[in-house]
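Q: turn this into a structure:
(one chain, ligands or ions: 1)
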Amino acid sequence: MTFDNLHLDLQDQILTVTMDRESALNAINMATMDSLHRLFGHYVPDHDGISGVILTGAGPKAFAAGADIKEFASFSAQEGKRLSAKGHETYFLIEKSRVPVIAAVNGYALGGGCELAMACHMRIAGEHAKFGQPEVNLGLLPGYGGTQRLVQYIGKAKAIELLLTADLINAQEAHRLGLVNHVVPSGTEVEKAREILLKISEKGPIAVRKVIEAVNAYFTEDTDGFHFEVESFGYACGTDDFREGSKAFLEKRKPHFTGH
Ligand code: DAK
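A: Predicted coordinates:
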């Protein structure tokens, strides 16, 4: 499988995905969206040797400076709606990924780029990163879930201000608001994300997947998250991994999880 505009690097079961259009500040065009869709729809879920994914942007300036304005500027209402739906589908694939996905935000994360970072399970920001949803500057509103996920992360009052004013915020402010998990020296975002994913890769893979699903359930309208947790807990109790995890604790050794 080939992925236009993405560079993949798999090491120690951690897949680093670099959006690779540095001259356009990694703006997300249709080819990139299609690649992300196939990556998270097929490649990652079908690959047994991936325990976590890091998403980042090429170069020192941008994670992704938005959807590609040059490409969508001439879109009709019909085309815009179709692309928006495809973006939603893609970003949901990331949010629902069975393995954790961390955005290593190495610069501008604007518009569709900020929405992409928000679809990931965590965000590590370089100290010079900038976040924002400046769509209203273009006479648009966010089209890839930004009006929803920004509210989920930082609350309605601040989210509506950023969405209406198009103001950008720096990494420190994003951290203060709860949008990013850690701020690190620029250039070390991927390293920090990798450190977190390696730690998670030592945990039971079924438990990791169920935590992601249960947290997502909180934000899924027709799902009772508490009920989902009860069901998932019961399921986890019946796994070999749980037996191994508790046995290893009692025997004072590290567990060997198999994902069964
Ligand atoms: N799209 C295409 N090209 C972009 C781009 C973008 N979003 N952002 C930057 N570039 C290109 C610039 O055009 C420039 O290309 P050349 O002129 O060299 O060919 C190159 O990247 C370098 O950019 P600058 O020269 O502007 O670099 P600066 O350091 O001076 O400024 C900046 C950096 C990030 C402040 C500036 O580039 C900027 O304001 N960029 C645009 C930010 C922005 O407004 N992003 C879009 C947000 S709106 C949709 C669904 C979703 C969306 C839209 C439609 N449908 C379903 C239809 C989402 C929309 C958005 O994301």
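Q: do a quick rundown of the helices in the stretch 1-150 of the chain.
A: 30-38, 44-46, 69-72, 77-95, 112-119, 146-154 (DSSP state H, counting those that start in this stretch).
Q: right, so of the ones you listed, which gets closest to Asn5?
A: Smallest distance to Asn5 across the helices of the stretch 1-150 of the chain (C-beta to C-beta): 4.3 Å, for helix 30-38. Just so you know, the C-beta spots here come from the backbone N, C-alpha and C atoms, and that holds for glycine as well.
Q: hmm, that closest one in reach of the ligand?
A: No: using C-beta under 6 Å from any ligand atom, helix 30-38 never reaches the ligand; the gap is at least 9.2 Å.
Q: who are the packing partners of that helix?
A: Applying 3 or more C-beta pairs under 8 Å, 6 or more residues apart in numbering; DSSP states H and E, one finds that helix 30-38 contacts strand 6-11, helix 77-95.
Q: can you state the direction angle for it and strand 6-11?
A: Per axes from the mean of the first three to the mean of the last three C-alpha atoms, to 10 degrees, the angle that helix 30-38 makes with strand 6-11 is 30 degrees.
Q: buried residues, helix 30-38. List them.
A: Going by neighbour count (16 or more other C-beta atoms under 10 Å), the buried part of helix 30-38 is 30, 32-33, 35-38.
Q: still on that earlier bit, okay if I get the helices of the stretch 1-150 of the chain as a markdown table plus distance to Ala104?
A: Listed next are the helices of the stretch 1-150 of the chain as a markdown table, based on distance: least, C-beta to C-beta, whole Å:
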| stretch | distance to Ala104 |
| --- | --- |
| helix 30-38 | 15 |
| helix 44-46 | 16 |
| helix 69-72 | 24 |
| helix 77-95 | 14 |
| helix 112-119 | 9 |
| helix 146-154 | 17 |
